[in-house]
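In: what's the 3D shape of this:
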Amino acid sequence: MRKRILSVLLSLVLVFASLVPAFSVSAASYKDELIKAGFPEDYAVKLAELHTKYPNWKFVPLKTGLTFDEAVSGERSSHGNQILESGWKAKYYCTCSKCKGKNIASEYAVRYFMDPRNWLDESHIFQFEDNRYNSAHNTAGVEKILAGTFMKDSVITYINTEGNKVTYKNSNGSTVKYSKAIMESAKSANISAYYIASRIVKEIGTTNTNNVIGVAGNRSPFTGIYNFYSIGAGNGAMAGLEWAAGWLKTNKATKLYAKYDSAKKAGTGNVTNLKADQYMVHIATYGDYYKVRLYKVSGKTYTAGSVGYVLKSALRTTYFNYYRPWNDPYKSIIGGANYIARGYLDYQYTSYLEKFNVNRSSNRLFSHEYMQNVDAPSVESVKRYNAYVASNQISNAKTFYIPVFTKMDASTTAASSTAASSATSTAAAATTAAQNTTQVQKLTLVAANPTNIQIKWNAVSGAKKYYIRIKNLTKGTTFSKTVETNSAQLNNLTNGHQYQIEVRANVGGKWAQYSAKLVQRCLPKTVTLSSVKSPASRQVKATWKKAAGAAGYQVWISTDKNFKKNVIKKSVSADKLTKTVKELKSGKVYYVKVRAYTKLKDKKFYGKFSKVKQIKAK
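Out: Reported below is the predicted structural model:
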């Protein structure tokens, strides 16, 4: 009997042990395991702390075989490949004769962003996460990444190659949201959905597609062409559209026909003779013919030419791959995902490696790099972290491949500047009188509506463009917009939310100090007045539907249908959707309307009135 009891106890111990993760060890012993695996101690200390909080995370050392100095020198062999946006302190920018005055990262900046030890916290470590497909990723996480952009919870609508605005529909005739397109592209390309979403937002994320050439769809001669990843845009956004269009051109002398005869299935009408190597953009397919738009290129200038019909057999279509031409956003999203997966996932399978290719196995050390911005991996990593948190996946199993160098600095490079989005560092940089004269002045409100705010400011002499930073104070999210005039309309905002707006000018290629902050609320939506009744003698009762973003409501009632006299105004709180006005005149006809308001400090901002209803008081 005693042996049976001991046997049962032993079995229970073994079962319990099998339920405890193999890596459930103390931080100290786990640190030793990391060091044994090949991580330096200063890496291991930070990673052990993360392991304590997230025991399902796996850290793998990527042994580069490079000294840190060799890696930095290799990346800086061409200074122009290392870009850093404005807003950092002077030592973050290269001052050599070729780079001075440009947004080229200095050696100090490159060392800072390349040093993995600077990014071993729970949000920035995601630049080392495996970019290959993760079946746990979901739409909620993608939507979190898309927050603050025109793609958030939005169905794909776009301008087609004929210049018409249309809604994208799949083969089943159903509309598709951007988040679904990203999820489908990830599965198709065997690539991380959160990585794809973060990359798109980093490249083109905005509240207004008209501000980004690659996704506006209205840039001649590439009308209806889209490039959500800025692939091929090393010589400018228009070059990226040309890449997305597939570099279609004549491979021999041929003819351009003005019309197409569907009965004869042949080109007809006026004829234009074309020489070999005439470039064009595909518009549509008609049997053996393409409808095309001709164009010419001079430097960075693209000029549209005639539209007509050309035999497909006379054209080069070598680059009609990866779903090109990308003549709708869906093709761009799924085609770009496949292009990135094929070109990078074998050896550059983290965001860090896509920017800093220190993997010898790729045989392309310090080259074949997707990005130029040295801060891109760290920025994208935070978006991915937020997506995991929003979708409750932050504690799930994940693998991080973290580069290890030899002969590293004794301590990590200390950051002495906040990111380019920091108003503090920007203001600190603007210390000279010259900079102060380029600061935007008199930023004022023109109009506020439920989903947009219109602003203006005094034009700055010599300014070629302006950068607008908008922070949603209600949600805590930040986004931006660049314009070329001293006014702007900020679209796709949330009704009733409070926004903080700042503007700065770009003069002589340099960003000046930010303007004073403008804080403004969007108006609530128009109220729907459901009914008006006279429930008792000399009373009128109004009932309405809840208006999103409302802090309260104001009821107007009058015997004058134009509300120019005898107006009674009553305010009610946001939690009430009805109001009874008493002590009216019996038998009188009353007119009623309601509007919602939101508040900023003690000031009320009113939305539009509902439709007017009338009722006779009992």
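In: name the residues that touch the helix or strand harbouring residue 293?
Out: According to DSSP states H and E, residue 293 maps onto strand 289-298. Strand 289-298 has contacts (Cβ atoms under 8 Å, 6 or more residues apart in numbering) with 221, 223, 242, 248, 256-257, 260, 266-267, 274, 278-285, 302-312, 315. From N, CA and C alone the C-beta is placed, and that goes for glycine too.
In: only whichever of those are buried, select them in PyMOL.
Out: Restricted to buried positions by 16 or more other Cβ atoms under 10 Å, the PyMOL selection for the contacts of strand 289-298 reads:
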select buried, resi 221+223+242+248+256+257+260+266+267+274+278+279+280+281+282+283+302+305+307+308+309+310+311+315
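In: just the contacts of strand 289-298: which are in helices?
Out: Residues of the contacts of strand 289-298 located in helices (DSSP state H): residue 242.
In: quick one on the thing from earlier: can you list the buried residues in the strand holding residue 293?
Out: Buried-residue list, strand 289-298, by 16+ other Cβ under 10 Å: 289, 290, 291, 292, 293, 294, 295.
In: Serialize the residues you listed to JSON lines and add fields for pLDDT and distance to residue 606.
Out: Compiled in JSON lines, the buried residues of strand 289-298 are given as follows (pLDDT from 0 to 100; distance: Cβ to Cβ, whole Å):
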{"residue": "289", "pLDDT": "98", "distance to residue 606": "58"}
{"residue": "290", "pLDDT": "98", "distance to residue 606": "55"}
{"residue": "291", "pLDDT": "98", "distance to residue 606": "51"}
{"residue": "292", "pLDDT": "98", "distance to residue 606": "53"}
{"residue": "293", "pLDDT": "98", "distance to residue 606": "48"}
{"residue": "294", "pLDDT": "98", "distance to residue 606": "53"}
{"residue": "295", "pLDDT": "97", "distance to residue 606": "50"}
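In: can you tell me how far residue 120 sits from residue 386?
Out: Distance from residue 120 to residue 386, counting by Cβ to Cβ, to the nearest Å: 18 Å.
In: sorry, wrong one. I was asking about residue 34.
Out: 26 Å.
In: how about residue 80?
Out: Residue 80 is 32 Å from residue 386, by Cβ to Cβ.
In: which one of these two is surrounded by more residues?
Out: residue 386 (20 against 12; other Cβ atoms under 10 Å).
In: so that one sits in a helix?
Out: Yes. Assessed with DSSP: H, G, I helix; E, B strand; the rest coil, residue 386 lies in a helix.
In: three-state assignment of the nearest residue to it once chain neighbours are set aside?
Out: Excluding its sequence neighbours, the residue lying closest to residue 386 (Cβ to Cβ, 6 or more residues apart in numbering) is residue 144, at 5.6 Å. Following three-state DSSP, we place residue 144 in the helix state.
In: quick check, residue 144 in contact with residue 392.
Out: No. Using Cβ atoms under 8 Å, residue 144 is not in contact with residue 392, being 11.0 Å away.
In: of these two, who's got more company?
Out: Higher neighbour count among residue 144 and residue 392: residue 144, with 20 against 11, using other Cβ under 10 Å.
In: report the separation between that one and residue 516.
Out: With Cβ to Cβ as the criterion, residue 144 and residue 516 are 32 Å apart.
In: can you count the residues close to residue 128?
Out: Residue 128 is flanked by 25 other residues according to other Cβ under 10 Å.
In: give me every residue that touches it.
Out: With Cβ under 8 Å, 6+ apart, residue 128 has these contacts: 116, 119, 350, 351, 352, 400, 401, 402, 403.
In: same check, this time on residue 155
Out: Taking Cβ under 8 Å, 6+ apart as the test, what residue 155 contacts is 167, 168, 175, 176, 177.
In: next: residue 600.
Out: Applying Cβ under 8 Å, 6+ apart, the residues near residue 600 are 498, 519, 520, 521.
In: please report the distance of it from residue 453.
Out: For residue 600, the distance to residue 453 - Cβ to Cβ - is 12 Å.
In: shared neighbours of the two, anything?
Out: Joint contacts of residue 600 and residue 453 (Cβ under 8 Å, 6+ apart) are residue 520.
In: just give the number of residues close to residue 363.
Out: That count, for residue 363 with other Cβ under 10 Å as the rule, works out to 9.
In: likewise residue 579?
Out: 19.
In: what's across from it in the sheet?
Out: Beta bridges link residue 579 to residue 542, judged by DSSP bridges.
In: my guess is it meets residue 556, correct?
Out: No. Contact between residue 579 and residue 556 fails when scored by Cβ under 8 Å: they sit 10.5 Å apart.
In: in strands only, show me the contacts of strand 289-298.
Out: Cross-referencing the contacts of strand 289-298 against strands under DSSP state E gives 256-257, 260, 266-267, 274, 280-285, 302-311, 315.
In: got the CA coordinates for stretch 405-412 in PDB?
Out: What follows is stretch 405-412, C-alpha atoms only, in PDB (Å, rounded to 0.1, in the frame of the first residue of the first chain):
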ATOM      1  CA  PHE A 405      29.200  42.000 -32.300                       C
ATOM      2  CA  THR A 406      32.700  41.700 -30.900                       C
ATOM      3  CA  LYS A 407      34.700  44.600 -29.300                       C
ATOM      4  CA  MET A 408      31.600  46.600 -28.500                       C
ATOM      5  CA  ASP A 409      31.800  49.900 -26.600                       C
ATOM      6  CA  ALA A 410      32.100  49.500 -22.900                       C
ATOM      7  CA  SER A 411      28.600  50.900 -22.400                       C
ATOM      8  CA  THR A 412      25.600  51.600 -24.700                       C
END
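In: so residue 495 is in which element?
Out: Going by DSSP H and E, residue 495 is not in any helix or strand.
In: how much space separates it from residue 608?
Out: 11 Å.
In: strands along the stretch 351-500 of the chain, start to end?
Out: Along the stretch 351-500 of the chain, counting by DSSP state E, counting those that start in this stretch, strands occupy 398-406, 444-448, 453-456, 463-472, 477-483, 487-490, 498-507.
In: out of those strands, which is closest to residue 562?
Out: strand 444-448 (23.9 Å; Cβ to Cβ).
In: tilt between that closest one and strand 498-507?
Out: Angle, strand 444-448 to strand 498-507, by axes from the mean of the first three to the mean of the last three Cα atoms, to 10 degrees: 130 degrees.
In: quick one, the one helix or strand residue 198 maps to and strand 477-483 angle?
Out: Here residue 198 sits within helix 193-204, counting by DSSP H and E. Put simply, helix 193-204 runs at 30 degrees to strand 477-483, going by the same axes, to 10 degrees.
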